[in-house]
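> Could you look at this predicted model? Sequence included:
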Amino acid sequence: MRRRRVPHIPQRRRIFLGCEGMSEVGYGTLLAHIARELDNVHIHIDVKVLQPGAGDARALVNRAIQIITNEEQRREPYAVKAVLLDAGNQDIMTAAATRAAQQGIDYLIWQSPDHEAVLLRHLEGCQQRRPPNSAASLAALRAEWPEYEKAMSAQRLGARITLDRIRQACGVETELRALLMNVGVL
């Protein structure tokens, strides 16, 4: 009796994606779904919410380090580690970046001024839009996407944000582009 050859399925690389809040969790989960659908991408994006962190980038990076340490003690190490954070005070951002680099976090993806502004840049014709603050970014996003609500699920986000829209946003979101290129999504 002949044995059938079982095709080799590459091991999925574990990717850590720390998220400031539930809105980012929905987006990170959408990225994970899109990555799973790509034939040549063998990754698992482990999306983790970093609360409590009260929006302080330093506290959120410290929380990410705790979660990474706990997860890597129980399972294999992450191949890539990234955190989505809202941009803010430059001194705090610098301190967070220094701490992240010391602890092996590969990417801090600064959302300027916040997550809703980044989502706005995913929408057709909105790639260059730079709202000045979070209130303006939410208003601009809702003007383009009236059904948008904070903390939308990956499924609801995916109805409007496709891989092509992610590629568009990555034209101006350099840290996001670097992460997605590293893990093979782009």
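Received, thanks.
> any idea which residue sits dead centre in the protein?
residue 28 (4.7 Å; CA atoms, centre = their mean).
> what's near enough to touch residue 73?
Counting by CB atoms under 8 Å, 6 or more residues apart in numbering, residue 73 touches no other residue. Quick note: C-beta positions are derived from backbone N, CA and C, even for glycine.
> Compute the distance between it and residue 80, please.
From residue 73 across to residue 80, the span is 18 Å (CB to CB, to the nearest Å).
> Could you do residue 13 as well?
7 Å.
> In this protein, where is pLDDT below threshold?
1-3, 6-10, 53-54 (pLDDT under 70).
> how about the lengthiest helix in it: buried residues?
Ranked by residue count under DSSP state H, the longest helix found in the chain is helix 57-74. By neighbour count with 16 or more other CB atoms under 10 Å, helix 57-74 contains the buried residues 57, 58, 59, 60, 61, 62, 63, 64, 65, 67, 68, 71.
> any chance you could map the strands in the chain?
13-19, 43-49, 80-86, 107-111 (DSSP state E).
> now the angle from the third one to helix 57-74?
Spelled out, it's strand 80-86. Between the axes of strand 80-86 and helix 57-74, defined by axes from the mean of the first three to the mean of the last three CA atoms, to 10 degrees, the angle is 150 degrees.
> Name the residues that touch strand 80-86?
For strand 80-86, using CB under 8 Å, 6+ apart, the contacting residues are 13, 15-20, 24, 27-28, 50, 55, 57, 60-61, 64, 68, 93, 96, 100, 104-115, 134, 179, 182-183.
> Show the buried residues in the residues you listed.
Judged by 16+ other CB under 10 Å, buried ones among the contacts of strand 80-86: 13, 15-20, 24, 27-28, 50, 57, 60-61, 64, 68, 93, 96, 100, 105-111, 113-115, 179, 182-183.
> so the residue nearest to the centre of the chain makes contact with residue 20?
No. Look at residue 28 against residue 20 with CB atoms under 8 Å: they stay out of range, at 10.4 Å.
> can you count the residues close to the residue lying closest to residue 11 once chain neighbours are set aside?
Counting by CB to CB, 6 or more residues apart in numbering, residue 11 lies nearest to residue 42, which is 7.0 Å off, once chain neighbours are set aside. By other CB atoms under 10 Å, 15 other residues sit near residue 42.
> correct me, but residue 23 touches residue 111?
No. Contact criterion CB under 8 Å: residue 23 and residue 111 do not qualify, at 9.9 Å.
> which one is residue 95 nearest to, not counting chain neighbours?
Per CB to CB, 6+ apart, closest to residue 95 is residue 58, 5.4 Å.
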